[in-house]
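> Below are the sequence and a predicted model; questions follow.
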Amino acid sequence: MVPLEILEFPDPRLRTTAKPVKEIDGKLNKLIDRMLVTMYEAPGIGLAATQLNIHQRLLVLDISEHKDSPLVLINPVLVSEEGELETAEGCLSVPGFYEPVSRASQIQVDALGRDGGPISIEAEDLLAVCIQHEMDHLDGKLFVDYLSTAKRQMIRKKLQKLQRLQA
Ligand code: QAP
Ligand code: CO
């Protein structure tokens with residue numbers, strides 16, 4: 001299966017607010033499989049549809065060591081959050097940069113799974129951070145938004161230079 005192209009910061013399409021998924025059908029499940037392939041090939045631990053220029057509220061994650069525990073969240077909603085945790089975050093849309101970001105350390109999220117059934121997840125530590133990072137993408141938000149303006153501009157300039165060389 002062919003991976004999908006990942007948008008890179010500062011592409012304005014990453015700022016799009018995604019719309020709720022309306023129908024969980026075979027077509028959506030094919031997209032989910034392509035998202036998982038794209039994430040595993042990258043390799044990454046999380047990917048939101050927004051990063052593929054698909055503006056639907058859908059994300060995939062796998063923080064397991066052996067990359068054999070995919071988690072698919074459709075129309076995720078944050079129900080509660082607690083605590084605080086600072087983690088060095090990266091992003092497939094911000095390749096090569098990792099910076100500390102502070103987020104809730106424990107969260108509860110309701111969503112639908114790929115079979116259309118309801119899921120309720122209580123997550124902590126890296127999984128909680130990763131879910132919050134991916135849910136941000138669905139609202140057009142990136143981890144670099146939590147950094148200082150100077151740091152964000154430095155990252156933008158370096159990535160734009162690399163993107164020019166690639167074009
Ligand atoms: C989000 O990010 C995340 O810079 C998922 O060159 C990451 O999978 C949440 C990646 C860390 C919390 C902590 C990044 C791959 C993958 C890069 C990713 C890169 C290659 C990032
Ligand atoms: Co990301």
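Arrived safely, thanks for sending. Ligands and ions are numbered 1, 2, ... in the order given.
> in what helix or strand does Arg164 lie?
helix 149-166 (DSSP states H and E).
> Next one: Met1 relative to Leu36, how far apart?
To Leu36, Met1 is 9 Å away according to Cβ to Cβ, to the nearest Å. For glycine as for every other residue, the C-beta is placed from the backbone atoms N, C-alpha and C.
> Looking only at neighbour counts, state which of the two leads.
More neighbours surround Leu36 than the other of Met1 and Leu36, with 20 against 10 (other Cβ atoms under 10 Å).
> Looks to me like that one is in a strand.
No. Counting by DSSP: H, G, I helix; E, B strand; the rest coil, Leu36 is not part of a strand but helix.
> residue contacts, Asp68?
Asp68 is in contact with Asp62, counting by Cβ atoms under 8 Å, 6 or more residues apart in numbering.
> and it, that one's in a helix?
No. Using three-state DSSP, the secondary structure at Asp68 is coil, not a helix.
> Please list all residues in contact with the residue nearest the centre of the chain.
Note on the chain: the residue nearest the mean C-alpha position is Glu134, at 2.9 Å, using Cα atoms, centre = their mean. Residues near Glu134 by Cβ under 8 Å, 6+ apart: 46-48, 59, 61, 73.
> what about the residue of the chain found nearest ligand 1, neighbour count?
Using Cβ to the nearest ligand atom, the single residue of the chain nearest to ligand 1 is Gly44, 2.8 Å away. Other residues near Gly44 come to 19 when the count uses other Cβ under 10 Å.
> what does this structure have sitting close to ligand 1?
Within the chain, the positions near ligand 1 by Cβ under 6 Å from any ligand atom are 42, 44-46, 87, 89-92, 95-97, 129-130, 133.
> tally of neighbours for Asp110?
Using other Cβ under 10 Å, the number of residues around Asp110 comes to 14.
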